[in-house]
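**Q** Okay, predicted coordinates and the sequence, questions at the end:
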Amino acid sequence: PKVGATFIRNPDYWGEKALPDRLEFKFYGDVQPRILALQAGEVDILDAVPLDVSQVVLNSPDITVLRVASTAHRQLHMRCDTGPFTDKRVRQALALCIDRAKLVDGLCRGMAATGNDSPFAPAFPATDKSVPQRVQDIAKAKQLLEAAGLAEGFDITLTTLRYSDIPGYAQLFQNFAKEIGARISLNIEDQDKYYGKAVFGQSDWLDSPLGITDYAHRSVPNVFLKSPLVSDGPWNAAHFKSPAYDGMVTSYLKALDAGAQRAAASDIQKLLLDETPVIFSYFPDLLVPVRKNVSGLPPIAAGLLLDRVSLS
């Protein structure tokens, strides 16, 4: 426990034999000692590294970084049952103030895909890529705030967690929002405090009027569509309740072929662009560092397949 684990190849396995005769896992309490171990040659592969430390390994001559398009993201929720976010025009205004290109090129150093305010990342086959991409439009955002009776802007606290690129994202969002008169104070907490007991009434994640939450990669969008966004979802930090949306998700989950899925996804994408309970600005790539003597590791985002790995 807390040290490591060793796996030995099974000589009696019925299928194709794994190449390595032994795999050794080492456990570390933080990302920094993991990177130092990789640089020193104590380990050959890391499972993944956050964007904020990726530059350390990207510049190393002995290390290759596998970049894999993923569906991981940071959900920026706005509580639809709490002022000023009861008015969807306010939510749309905040979404329109964001320069997504700057987030992808600057914060993510180009290692991300642009988000369009729905869980349907470009990496999902069902995503309707013909839905127009939301882009920064400060003039329109100000018009929406004025129409909502907030021409002078408003004050709000954004609560989030200290993890990877999230504090940087929060600061950039704070600056974008200033351009339309939204005055945002940042409350950046440790992960334990932010998530709390992960139930409504006992979690800064689920109770804050404005927040940013980390979501890891999923191979299919089902969890993203249900838990954070359906009316009775246990992770519905936006407190978003839409029978129309709930029905669309049911249709998507019942779809039996790719064409029906894509049609249902298109409906969901358009509804979420209109309602904007959650902002999906970018989908960071998964970054897997390996030493250059490692071969046979397939580039997938859902984990590490190590049966064909070898060392030269």
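**A** Thanks, I have it.
**Q** in the chain, which residue is closest to the centre?
**A** The centre of the chain sits closest to residue 73, judged by Cα atoms, centre = their mean, with a distance of 1.0 Å.
**Q** Distance-wise, check it relative to residue 118.
**A** Distance, residue 73 to residue 118, using Cβ to Cβ, to the nearest Å: 10 Å. Every residue, glycine included, has its C-beta placed from N, CA and C.
**Q** Which neighbours do those two have in common?
**A** Common neighbours of residue 73 and residue 118 are listed as residue 280 (criterion: Cβ atoms under 8 Å, 6 or more residues apart in numbering).
**Q** Quick one: residues contacting residue 144.
**A** Residue 144 makes contact with 89-90, 92-93, 96 under the criterion Cβ under 8 Å, 6+ apart.
**Q** what's the closest of those residues to residue 132?
**A** Nearest to residue 132 among these is residue 96, at 12.8 Å by Cβ to Cβ.
**Q** what's that closest one in contact with, if anything?
**A** 134, 136-138, 140-141, 144, 180.
**Q** go with 7 Å
**A** Contacts of residue 96 were listed using Cβ atoms under 7 Å, 6 or more residues apart in numbering, and they are 134, 136-137, 140-141.
**Q** Among the contacts of residue 144, name the ones in helices.
**A** Within these, residues falling in helices by DSSP state H are 89-90, 92-93, 96.
**Q** quick one: which of those has the most company?
**A** For the ones in helices among the contacts of residue 144, counting by other Cβ atoms under 10 Å, the largest number of neighbours falls to residue 93: 29 neighbours.
**Q** Might one say that that residue is in contact with residue 141?
**A** Yes - judged on Cβ atoms under 7 Å, residue 93 makes contact with residue 141 at a distance of 4.2 Å.
**Q** what do those two both touch?
**A** By Cβ under 7 Å, 6+ apart, the residues touching both residue 93 and residue 141 are residue 180.
**Q** What's opposite residue 77 in the beta bridge?
**A** Residue 77 has these beta-bridge partners by DSSP bridges: residue 211, residue 278.
**Q** how about the strands in the stretch 1-150 of the chain?
**A** For the stretch 1-150 of the chain, applying DSSP state E, counting those that start in this stretch gives strands covering 4-8, 22-26, 63-68, 73-78, 112-114.
**Q** Direction included, what does the last one pair against?
**A** For strand 112-114, sheet partners with direction are given as strand 282-284 (antiparallel), following DSSP bridges.
**Q** average pLDDT across the strand it pairs with?
**A** Averaged over strand 282-284, pLDDT sits at 97.
**Q** Please list all residues in contact with the residue nearest to residue 150 when sequence neighbours are not counted.
**A** Sequence neighbours aside, residue 84 is the residue nearest to residue 150 in space, at 6.2 Å (criterion: Cβ to Cβ, 6 or more residues apart in numbering). With contacts defined as Cβ under 7 Å, 6+ apart, residue 84 is in contact with 90, 150, 154.
**Q** same thing but at 8 Å, please
**A** Residue 84 sits next to 90, 148, 150, 154, 156 when contact means Cβ under 8 Å, 6+ apart.
**Q** What of residue 291?
**A** Going by Cβ under 8 Å, 6+ apart, residue 291 touches 38, 41, 44-45, 62-64.
**Q** how does it look with 6 Å?
**A** Listed by Cβ atoms under 6 Å, 6 or more residues apart in numbering, the contact set of residue 291 reads 44, 62-63.
**Q** returning to what we had before: got CSV for the contacts of residue 144, with pLDDT too?
**A** Listed next are these as CSV, based on pLDDT from 0 to 100:
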residue, pLDDT
89, 98
90, 98
92, 98
93, 98
96, 98
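**Q** got the angle for the longest helix seen in the chain vs helix 88-96?
**A** Ordering each helix of the chain by length in residues (DSSP H) puts helix 258-275 first. Per axes from the mean of the first three to the mean of the last three Cα atoms, to 10 degrees, the angle that helix 258-275 makes with helix 88-96 is 110 degrees.
**Q** quick one: residue 126 and residue 252, what's the gap?
**A** For residue 126, the distance to residue 252 - Cβ to Cβ - is 8 Å.
**Q** Please say which of these two ends up with more neighbours.
**A** Neighbours per residue, other Cβ under 10 Å: of residue 126 and residue 252, the larger number sits with residue 252, 23 against 20.
**Q** which SS class is that one?
**A** helix (DSSP: H, G, I helix; E, B strand; the rest coil).
**Q** Fine by me, we can end here.
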